[in-house]
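# need the 3D shape of this:
(one chain, ligands or ions: 1)
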Amino acid sequence: MLHSVQSSPSYPDNMQKKSLHDLAVFTGKPAFSEPLHVGRPNIGNRAALTRRMEDILDSRWLTNNGPYVQEFERRICELTGAAHCVSMCNGTVGLELVIRALGMSGEVIVPSFTFIATVHALQWQGIQPVFCDVDPLTHTIDPAAAEKLITPRTSGIIGVHLWGRPAAPERLADLAQKHKLKLVFDAAHALGCTHQGIGIGNFGDAEVFSFHATKFINSFEGGAVVTNDAALAGRLRMMHNFGFTGYDCVESIGTNGKMPEISAAMGITSLESLENFVAHNRRNFDAYAHRLGGLPGLRLYRFPEEDRYNWQYVTLEIDPAAALTRDEIMQMLHAENVLARRYFYPGCHRMEPYRSLYPNAPSSLPHTEALVQRVLSLPTGTAVSDSDIASICELVTLALNNPDAVRKRLASNQ
Ligand SMILES: Cc1ncc(COP(=O)(O)O)c(C=O)c1O
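Take a look at the predicted model:
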């Protein structure tokens, strides 16, 4: 069933910025009176959510595998086609638990071009992340580079479906099988996506989703591990509830990784609007592609058409030889209240503790090093309208048509 989606009003005050001096880095008013975020939450049907919240309060079943959590897990299985879903309080805990439940240890190969949680989930448990470079076209882990990093201490690989793009699932599965490694996918960006017609959630030993507020389907905070391995699902279920197997009976070490009912209610409500959210994202993507397509030095990250995507990221790649650098374009947009983000700058290997632990990592990650300098995520989601996108693209065009003046002005503003 499709529900109406609550979209926010757009706030362009002076859409028509005709001259350079209209730009906010000069003397103009910001184009948006309120910040326009990259991941402003999508809100589904408020009435449906409110009804569910009332129901939770009436029943006083607030957490511990309540009816909404069970329904949410069922719906995730239906959507992905996977057999088991264990919901979690967030995606990071999901990653930590699946890494532990699979017995990963020693070294695990992971891309550096990802959100820091993917890598922290290993280091947090005393496992050494071994950074692997990415394919410059797909932005996902390069399986050939991964194979070269395998040592006798390697116990697994974590691929990341960055931007919702499947991270070479078959090639990584072959590699994992050949070298007897565990394989997990960080699918935080990839709910509702498919690879060769198969739902994300069915690859590797398990896949981990995030339903953080910034994700296109959110449960305020939340995550899930999805797998076709019943024994693994059972271990995860026990581990995310302190190791309990029944009243007064604890069978193993565990933690508290449970999703509460209120999050599941939000998750279900979001899922009911999934098709609307995807359609809105797709329209936004096409609007950006149409308006930015012809600008020299700029390229939108594209997806092959044969599979399904959720289109929740609009990633602009700015050639270092473009008239303005990525950072100059970002500074210009920030002055206009357009909070474009340099995801995932500067790369996990350049963040602590990894920067100090692996000071030589940059030399082995040339594609990652190049990408973190050229990508810029643009605002999208249901809070962003077609006219917002028209304004953003006008700003970029105006700045790129006057690069020397913009550069000089940005330098003098610092
Ligand atoms: C690629 C990636 N992995 C993991 C996470 C962590 O998920 P969570 O915030 O639900 O813990 C995120 C985002 O938040 C992410 O973007």
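# quick one: end-to-end distance for stretch 111-121.
End-to-end distance for stretch 111-121, by Cα to Cα, to the nearest Å: 13 Å.
# and the contacts of stretch 337-345?
If you take Cβ atoms under 8 Å, 6 or more residues apart in numbering as the criterion, stretch 337-345 is touched by 11, 24, 30-38, 113-116, 313, 315-316, 326-327, 329-330, 333-334, 372-373, 375-379, 392, 395. Placement of C-beta: from N, CA and C, glycine included.
# what pLDDT does the model give the closest residue to the ligand within the stretch 51-200 of the chain?
Closest to the ligand within the stretch 51-200 of the chain is residue 91: 2.9 Å, counting by Cβ to the nearest ligand atom. Residue 91 carries a pLDDT score of 98 in this model.
# pretty sure it contacts residue 214?
No - with contact defined as Cβ atoms under 8 Å, residue 91 does not reach residue 214; the gap is 11.0 Å.
# show me which of those two is the more surrounded one.
residue 91 (26 against 17; other Cβ atoms under 10 Å).
# how near is that one to residue 118?
9 Å (Cβ to Cβ, to the nearest Å).
# name the residues contacting each of these two.
Joint contacts of residue 91 and residue 118 (Cβ under 8 Å, 6+ apart) are residue 186.
# wait, residue 32 sits on residue 389?
No - Residue 32 sits out of contact with residue 389 when judged by Cβ under 8 Å, with a separation of 11.9 Å.
# what does the biggest helix by length in the chain rub up against?
Determined from DSSP state H, the single longest helix within the chain is helix 274-292. Identification of contacts with helix 274-292 by Cβ under 8 Å, 6+ apart yields 2-5, 7, 42, 79, 192, 216-217, 270, 298, 300, 302, 309-312, 314, 316, 378, 380-382, 384, 386, 389-390, 392-393, 396-397.
# can you name the element that comes right after that helix?
strand 298-300 (DSSP states H and E).
# quickly find the element holding residue 333.
Judged by DSSP H and E, residue 333 forms part of helix 326-335.
# immediately after that helix, which helix or strand?
Following helix 326-335 in sequence, per DSSP H and E, is strand 338-339.
# each with direction, which strands does that next one pair with?
According to DSSP bridges, strand 338-339 forms sheet pairs with strand 36-37 (parallel).
# tell me what the helix or strand just after the strand it pairs with is packed against?
Next helix or strand after strand 36-37 toward the C-terminus (DSSP H and E): helix 46-59. Helices and strands touching helix 46-59, by 3 or more Cβ pairs under 8 Å, 6 or more residues apart in numbering; DSSP states H and E, are helix 67-80, helix 261-272.
# ranking the ones you listed by burial, who's on top?
Mean neighbours per residue, mean count of other Cβ atoms under 10 Å, is largest over the helices and strands packed on helix 46-59 for helix 261-272, with a mean of 24.
# identify the residues contacting that one?
Outside of helix 261-272, the residues within contact range by Cβ under 8 Å, 6+ apart are 1-3, 42, 44-45, 48-49, 52-53, 55-56, 61-63, 66-69, 71-72, 75-76, 79, 87, 89, 211, 217-222, 259, 277.
# next, the angle helix 274-292 makes with that helix.
60 degrees (axes from the mean of the first three to the mean of the last three Cα atoms, to 10 degrees).
# now do the end-to-end distance for stretch 107-115.
Termini of stretch 107-115 sit 19 Å apart (Cα to Cα).
# how far does that stretch sit from its chain's centre?
14 Å (Cα atoms, centre = their mean, to the nearest Å).
# quick one: terminal-to-terminal distance for stretch 37-51?
By Cα to Cα, the extent of stretch 37-51 from end to end equals 29 Å.
# is it in proximity to the ligand?
No - Stretch 37-51 does not reach the ligand (Cβ under 6 Å from any ligand atom); its nearest approach is 9.0 Å.
# now the helices for the stretch 51-200 of the chain?
With DSSP state H, counting those that start in this stretch, the ranges of helices along the stretch 51-200 of the chain come out as 67-80, 91-101, 116-123, 143-148, 169-178.
# got the angle between the second one and helix 116-123?
I take that to be helix 91-101. Angle, helix 91-101 to helix 116-123, by the same axes, to 10 degrees: 30 degrees.
# and residue 253, that's in a helix?
No - going by DSSP: H, G, I helix; E, B strand; the rest coil, the assignment for residue 253 is coil, not a helix.
# spell out which parts of the chain neighbour the ligand.
So far as Cβ under 6 Å from any ligand atom goes, the chain lies against the ligand at 90-92, 114-115, 117-118, 160, 186, 188-189, 210, 212, 223.
# all strands for the stretch 301-414 of the chain, in order.
314-318, 338-339, 375-378 (DSSP state E, counting those that start in this stretch).
# circling back to that earlier point, restricted to strands, list the residues of the chain next to the ligand.
With DSSP state E as the criterion, strands contain 160, 186, 210, 223 from among the residues of the chain next to the ligand.
# okay if I get those residues as a markdown table plus pLDDT, neighbour count and distance to residue 169?
Compiled in a markdown table, those are given as follows (pLDDT from 0 to 100; neighbours: other Cβ atoms under 10 Å; distance: Cβ to Cβ, whole Å):
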| residue | pLDDT | neighbour count | distance to residue 169 |
| --- | --- | --- | --- |
| 160 | 98 | 27 | 12 |
| 186 | 99 | 29 | 13 |
| 210 | 98 | 28 | 19 |
| 223 | 98 | 28 | 20 |
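# export the residues you listed as a markdown table, with columns for distance to residue 106.
What follows is those, written out as a markdown table (distance: Cβ to Cβ, whole Å):
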| residue | distance to residue 106 |
| --- | --- |
| 160 | 20 |
| 186 | 19 |
| 210 | 26 |
| 223 | 25 |
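# make TSV from the residues of the chain next to the ligand and add distance to residue 348 to it.
TSV is the format used below for the residues of the chain next to the ligand (distance: Cβ to Cβ, whole Å):
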residue	distance to residue 348
90	18
91	16
92	14
114	6
115	8
117	9
118	7
160	11
186	12
188	14
189	16
210	16
212	18
223	19
